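Trainee: Output the structure for:
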Amino acid sequence: MEETLTKSSGSADSLESADWQLPLCFTKKRHIEEIKSVQTIVSSWRLKERMKTVSVALVLCLNVGVDPPDVFKIQPCARLECWIDPLMMIPQKALEMIGANLQKQYERWQPRARYKQSLDPTIEEVKKLCVSLRRNAKEERVLFHYNGHGVPKPTSNGEIWVFNRVKFNYIIIS
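Mentor: Numbers count the residues shown, from 1 in each chain. Just a heads-up that it's a prediction; the model follows:
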């Protein structure tokens, strides 16, 4: 066979003859031995039994039209919240539409959960919401979604910012 390759003429044939001279790859034992099943490692953070997510809190602190006090925006920057440009309509209407879109997105994953929206809430409203959802959930899971684009960044201790009647205030979620 080698004789026919070397005797033939043409560029394609000469390239083919060069391939025969290359060393073979993947011929070591580790490449050709049978693959045995891989042991699955269960992470310790995963729960052994399934839990239901019975309630979802959607807390949106957007303060539409106001940039956060500790963030410097560059131009161009992202503006969309849940695929809605909040600057294209009045702030309250934009906030309601963003909350509705976010809830629709979560309902695709958790259709049976109860959803509570808290749009630009005060610290008292967030505390009341968390306590009531935790009480109603008993031993089941509660999902807390927080979006704080119109407030300062969370602190290093994990404290998040919500609105007070006059100024920003923080709350510790644990």
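
Trainee: center of this structure, which residue is that?
Mentor: Geometric centre of the chain, nearest residue: H145, 11.0 Å, by C-alpha atoms, centre = their mean.

Trainee: ok, T27 to E34 distance?
Mentor: As judged by C-beta to C-beta, to the nearest Å, T27 and E34 stand 16 Å apart. Where you see a C-beta, it was placed from the backbone N, CA and C, and this is true even at glycine.

Trainee: Of the two, which one has the most company?
Mentor: Neighbours per residue (other C-beta atoms under 10 Å) separate T27 from E34, with T27 holding more: 8 against 4.

Trainee: Same question for that one, what's its three-state structure.
Mentor: coil (DSSP: H, G, I helix; E, B strand; the rest coil).

Trainee: same check, this time on Q117
Mentor: Here Q117 is recorded as strand under three-state DSSP.

Trainee: and what of I98?
Mentor: Three-state assignment for I98 (three-state DSSP): helix.

Trainee: Just give the number of residues close to it.
Mentor: Quick note: I98 (other C-beta under 10 Å) scores 23 neighbours.

Trainee: start at 70 instead
Mentor: Sure thing, new numbering starts at 70, so read that last one as I167.

Trainee: From what I see, it and C151 are in contact.
Mentor: Yes - counting by C-beta atoms under 8 Å, I167 touches C151, with 4.8 Å between them.

Trainee: excluding its backbone neighbours, what's nearest E194?
Mentor: Nearest non-adjacent residue to E194, counting by C-beta to C-beta, 6 or more residues apart in numbering: S187, 5.8 Å away.

Trainee: any idea how far the one you found lies from Y215?
Mentor: From S187 to Y215 the distance is 10 Å (C-beta to C-beta).

Trainee: Overlap of the contact sets of those two?
Mentor: V128 (C-beta atoms under 8 Å, 6 or more residues apart in numbering).

Trainee: No further queries at this time; thank you.
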